[in-house]
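>>> Below are the sequence and a predicted model; questions follow.
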Amino acid sequence: MNANQQPEISQGTMPMPPRPLSMRLLHAIVLPAVLVLLSIPSEGRAFTFTTIDVPGATATFATSINERGQIVGQYSDVAGTFHGFLLERGTFTTIDPHGSTGTAAFAINARGQIVGVYADAGGVDHGFLLYRGKFATIDVPGATGTEAVGINAPGRIVGDYFDASGVFHGFLLRRGTFTSIDVPGATDTALNDINAEGQVVGIYLDAGGTVHGFVALP
């Protein structure tokens, strides 16, 4: 997607952050993941850890870092409201599109393009692209809610949207055109990231309620 192009927008609604599908799957994912991590033997590699806390925040979530070391994420203030943030060279910048009541920044690419989701005053959720101080709203046409979750170096954007029937679908936004992505046989699909080659990864629910990860090749 060209950074100067404005996507077509439509309105939708779903709760925001944390991501709704992730919350729905939380109990199915978190415990098994913790057990797997506990079972991985340490190789003795030493890491240097630096805590990231937005000043005055009650909780801070760092979600993405690019090749230049710019970090984005979201934080909760004392009122319980979520805001996006950019951390660059030790300085925090809050990310809130005009009129938003809650914001989460999910990804940043090498060019500094940031994608995420915000809720408006009516409780409607929209994806967004932030580049060089300008916001572009991202809404899949006909969706009741849209989240922009990943962006690659060329500026292709992936995420998920919620339809009127209550089903999640993945999407790819490229050069102003939306493409829906659904794993065959899945009841819900969500995309989490895209690489420079256009390969996408995400999760889906099968008819039995089991959670699966997937990779899709263009």
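All right, it came through fine.
>>> Thr179 and Ile203: what is the separation?
18 Å (Cβ to Cβ, to the nearest Å). C-beta coordinates here come from the backbone N, C-alpha and C atoms, glycine included.
>>> Over to Asn152?
To Ile203, Asn152 is 18 Å away according to Cβ to Cβ.
>>> could you pull out the helices for this protein?
Shown for the chain, the helices assigned by DSSP state H span residues 20-24, 26-39.
>>> Those helices: lowest mean pLDDT?
Out of those, helix 20-24 stands lowest, with a mean of 35 (criterion: mean pLDDT).
>>> leaving aside the residues next to it on the chain, what's closest to Ala57?
Tyr75 (3.9 Å; Cβ to Cβ, 6 or more residues apart in numbering).
>>> let me fix that: Gly56
Closest to Gly56 by Cβ to Cβ, 6+ apart is Asp77, at 6.8 Å.
>>> Now the most centrally placed residue in the chain. Nearest residue, chain neighbours left out?
Closest residue to the average C-alpha location of the chain: Val149 at 2.6 Å, with Cα atoms, centre = their mean. Spatial nearest neighbour of Val149, chain neighbours left out: Gly159 (4.2 Å); criterion: Cβ to Cβ, 6+ apart.
>>> neighbours around the one you found, how many?
Gly159 has 30 neighbouring residues, counting by other Cβ atoms under 10 Å.
>>> again with Pro55
7.
>>> just checking, it touches Thr94?
No: between Pro55 and Thr94 there is no contact, the gap being 10.6 Å when judged by Cβ atoms under 8 Å.
>>> Quick check: beta-bridge partners of Val201?
Applying DSSP bridges to Val201 gives these bridge partners: Asp193, Val215.
>>> quick one on the thing from earlier: run a quick neighbour tally on the residue nearest to Gly56.
14.
>>> wait, what's in contact with it?
56-58, 83 (Cβ atoms under 8 Å, 6 or more residues apart in numbering).
>>> For Gly116, see how far away it is.
According to Cβ to Cβ, Asp77 stands 17 Å off from Gly116.
>>> Ok, Val211 next?
Following Cβ to Cβ, the distance that separates Val211 from Gly116 is 23 Å.
>>> out of the two, which sits in the busier spot?
In this view Val211 and Gly116 are compared by other Cβ under 10 Å, and Gly116 has more residues nearby, 31 against 15.
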